[in-house]
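[1] Sequence below, structure please.
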Amino acid sequence: MPVRGGGSNQGGGAGGASAAVGTGVGDTAAGSASALRRSVEDALQQDLSKVNFLRDSLAKSQQATRKVGNILTSFGDRLSSLEGAIRPLRQESMSLTRGRDNLQTVARLLDDVLEYYDASQKVDGILQEGPKYQLETYIDAMRKVSAAREYFVQHNPDNPELMTLTSLRDSGVKSLESEFRQVLERHSFAVSAADLQAMSQEQVVKGNVLPEDVTKTLRVISGYLAESSTTEGLCKRYTEVRCGVLQTTLSSFDTGSGKSMGKKHSSTSASMHKVVGKGMRRNTSIRRRKGESGSQREETAGKEREATVSFLDMAIDNQPGSYERGSHPYLFYVKAIVRLLQRETSLANKVLPEPLVPVALKGIFSPALDALAAQSSLLAASAGRQVDRQEFFSLAFVFDAIYYFKEKQEDFEGLLMLAGREPLRKYNCIVIGFADVARRCLVGFEQSIQKDNSKKLPFNGTVHEATSNTLSFLSTLHDFAEIAGNVLRGAEAFGSEEQGINWVPTATSDKFLARWIALVLLQLCANLSRKAKAYESQPLSSIFLINNYDYIMRTILQSGFADLVQQQEQEFQANYRQRIETQRQMYRQHTWAKIDEFVVIEPIEGTLSKRDREVIKEKYAGFNQEFEDVIREQQQYSIPNEELREELRRANLEYIVPRYKQFDLTYRHSGFTSKNPQKYLRFTPDEVMEQLGLLFDD
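    Just a heads-up that it's a prediction; the model follows:
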């Protein structure tokens, strides 16, 4: 009982505590809601205040807008009224302004017309003084005369003033042309050959031919004359002066030495001094022409003729290696002309207006190219006669010239095209002429080998002069292989005077050259075979062919043509080795045939009979005689190539020494002779070897 009562009290206390907690939580929630409501009401009140403020501001803005609109409307009305009042005044003002402008224009025109009428009187004094000292003033005066004259031509052609102005214009143009010529002539000087050669390419193309102030003066004069469309006299005078300077420079190449050109050219300047073209014979110094007496002119002409003959008659030795590439005077002559034309082009571009440059250059280039063409034609004709005389080595310069023309083709075309098609056509004619000579040279060379019937042979069987010359000529052509291959194409390569040489790729030209070389070598070998038959000694004939075949093979294989020849004849080396081997066998056969008969060993049975002893004696005696004859004769044979010489010596040793050694071993101690053994036993095997070592020791 007491225990249950205690429990009941505990339960009642717990329930009261729970009720108290619930009441506290309810009070807290009610307080939070009240605070939130007050916060919302405060925010709402603030927003209402702002709305009221904005409403008041909008009302004020609308009121201000209405006022501004009224003001603008009133201002527009006033502007419209003002425009209506001002428009008549503006129209009247514009009319007055146009009238004023018209009056001013008429006044200016009247002034200009009055100037035209007074122009001749105002500028007469200036024109009388000439352009020498006041060029700019003079040209201004000429412009006034031209303008006045143009006015009268258009508006009053019957007025006498037109004749006066025309006369002034014509005399003024002549004065300007005269001044142009005098200034140009006064500062134009011929260039010496040495100075021209010493110039760099940049100096030639970009250097000042004339002083800058002189160039400027000439440009001013030429500019006005071009402006006034009076350029005919200008071009004529410019061409005359510069053409004279160009020709004087070229003709100076033959001054300073009256000696023949000789075969070697120690310096460029010396070579160039000798050169003069036929077309240059009339050309003397610009200043010298004015004061030369008749005797002086005749003396000058005589020197020029002498120089021209010396140039044309100058021939390189018709010997291998006598020509040094680039050394022929003709090449210096061509290079000089190119440099001079480049200088003239540079000067013309600086002095003359652009439209006049081609006309002037054509006039300047034409005489120089005519002279070069005449010189080239004479030289080509001379070269043609050398072909007929089979002086092929003296024609190396022809290939050198064509090579130069080809290498500089773009430069030539670019330069000459500035003066039109005609100069380029003349240039193409020159190149085609030399190409034809080169083709004739190559064809003639091959034919000369085929037809060569000379009987002169080397006594010692060494390499024939025809062989060495042929290979030397081929070596000379190596530097001009592309040129040779192209010209061998004949008419197909030469093209027309308008297009020039039709150059083909190297691979194509090589095929033509390879076929030609193969034909030359074929003709050479056939010719050598014919020549070899003239030897009385067959061994010497074989040695001769061995030497020549070996020389051909080695020279070709060591030359720049090796690949070219082997492409044409793949078995080239094998074929020549076979030829050499064939001749070596023939040499051995004809050299040792009789000795082979003497060293034949015959079996001996028992004691030697008298007949056996006589046979052995004949064998020794025959061997001795034949061997001595071989040694005596073939000691004079020559095999220039050391390797080939040792091969033949070794072949002789390997062939004859073993045979003789076995023969001598068999019979030397057989007792075939007792009274005079030294008569027969003259050579031991070692002595035979020693004697064979003396062969081909010439």
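
[2] going forward, measure contacts and count neighbours with C-alpha atoms only.
    OK.

[3] Could I get the pLDDT score of the closest residue to residue 423 other than its chain neighbours?
    Leaving out its chain neighbours, the residue that sits closest to residue 423 by C-alpha to C-alpha, 6 or more residues apart in numbering is residue 416, at 5.8 Å. Here, the pLDDT recorded for residue 416 equals 82.

[4] For residue 595, give me its contacts.
    Contact analysis of residue 595 by C-alpha atoms under 8 Å, 6 or more residues apart in numbering lists 622-623, 626-627.

[5] before we move on, back to that, tell me which element the residue nearest to residue 423 falls in.
    helix 409-416 (DSSP states H and E).

[6] Tell me if I'm right that the residue nearest to residue 423 and residue 425 touch.
    No. Judged on C-alpha atoms under 8 Å, residue 416 makes no contact with residue 425 at a distance of 9.2 Å.

[7] And those two? Which one has more around it.
    residue 416 (27 against 18; other C-alpha atoms under 10 Å).

[8] Quickly note the distance from the more buried one to residue 190.
    Using C-alpha to C-alpha, to the nearest Å, residue 416 is found at 22 Å from residue 190.

[9] ok so, going back, what about the helix holding residue 416, distance to the chain center?
    Taking C-alpha atoms, centre = their mean, to the nearest Å, the mean C-alpha location of helix 409-416 is offset from the chain mean by 10 Å.

[10] Would you mark the buried spots in that helix?
    By neighbour count on 16 or more other C-alpha atoms under 10 Å, the buried set for helix 409-416 is 412-413, 415-416.

[11] Spatially nearest residue to residue 490 (excluding sequence neighbours)?
    residue 439 (7.0 Å).

[12] Now that neighbour: which helix or strand?
    helix 421-451.

[13] average model confidence for that helix?
    The model assigns helix 421-451 a mean pLDDT of 89.

[14] Where does pLDDT dip in the stretch 251-400 of the chain?
    Across the stretch 251-400 of the chain, the ranges flagged by pLDDT under 70 are 252-322.

[15] sorry, back to before: and the residue nearest to residue 490, how many residues sit next to it?
    21.

[16] same thing with residue 233?
    Neighbours of residue 233 under the rule other C-alpha under 10 Å: 14.

[17] Could you report the separation of it from residue 142?
    For residue 233, the distance to residue 142 - C-alpha to C-alpha - is 17 Å.

[18] And for residue 485?
    Distance of residue 485 to residue 142, given as C-alpha to C-alpha: 63 Å.

[19] Touching stretch 478-496 from outside, list them.
    Outside stretch 478-496, the residues that touch it by C-alpha under 8 Å, 6+ apart are 399-400, 402-403, 432, 435-436, 438-439, 442, 477, 500-504, 506, 508-513, 560-561.

[20] switch to 6 Å and redo it
    435, 439, 501-502, 509-510, 512-513 (C-alpha atoms under 6 Å, 6 or more residues apart in numbering).

[21] Over to stretch 613-625?
    For stretch 613-625, the external contacting residues (C-alpha under 6 Å, 6+ apart) are 595, 598, 672, 680.

[22] Please identify which of those is nearest to residue 518.
    Nearest to residue 518 among those, counting by C-alpha to C-alpha, is residue 595 at 40.3 Å.

[23] Which per-residue confidence value corresponds to the closest one?
    What the model reports for residue 595 is a pLDDT of 91.

[24] cool, residue 20 as well?
    Per-residue confidence (pLDDT) for residue 20: 44.

[25] Now the host helix or strand of residue 611: average pLDDT?
    Using DSSP H and E, residue 611 sits within helix 610-634. Averaging pLDDT along helix 610-634 yields 90.

[26] Just give me how far that helix sits from the chain centre.
    72 Å.

[27] now swap in stretch 461-476 and tell me
    Worked out by C-alpha atoms, centre = their mean, stretch 461-476 lies 32 Å from the chain centre.

[28] Mind listing residues that contact that stretch?
    Looking at what lies outside stretch 461-476 - C-alpha under 6 Å, 6+ apart - the contacts are 320, 540, 543-544, 547-548, 638.

[29] got a markdown table for these, with neighbour count, secondary structure and distance to residue 605 too?
    Output for the contacts of stretch 461-476, formatted as a markdown table (neighbours: other C-alpha atoms under 10 Å; DSSP: H, G, I helix; E, B strand; the rest coil; distance: C-alpha to C-alpha, whole Å):
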| residue | neighbour count | secondary structure | distance to residue 605 |
| --- | --- | --- | --- |
| 320 | 17 | coil | 67 |
| 540 | 24 | helix | 41 |
| 543 | 28 | helix | 43 |
| 544 | 28 | helix | 46 |
| 547 | 22 | helix | 48 |
| 548 | 25 | helix | 50 |
| 638 | 22 | strand | 46 |
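
[30] And these, which two are furthest apart?
    Across those (C-alpha to C-alpha), the longest gap, 26.4 Å, separates 320 and 540.

[31] how close does residue 141 sit to residue 122?
    Per C-alpha to C-alpha, residue 141 is found 9 Å from residue 122.

[32] cool, residue 390 as well?
    For residue 390, the distance to residue 122 - C-alpha to C-alpha - is 79 Å.

[33] in the stretch 501-650 of the chain, which spans are helices?
    506-532, 538-558, 562-568, 572-598, 610-634, 642-667 (DSSP state H, counting those that start in this stretch).

[34] Figure out which of those is closest to residue 224.
    Comparing the helices of the stretch 501-650 of the chain under C-alpha to C-alpha, the one sitting nearest is helix 506-532, at 52.5 Å.

[35] could you check the angle helix 421-451 makes with the helix holding residue 416?
    Angle, helix 409-416 to helix 421-451, by axes from the mean of the first three to the mean of the last three C-alpha atoms, to 10 degrees: 150 degrees.
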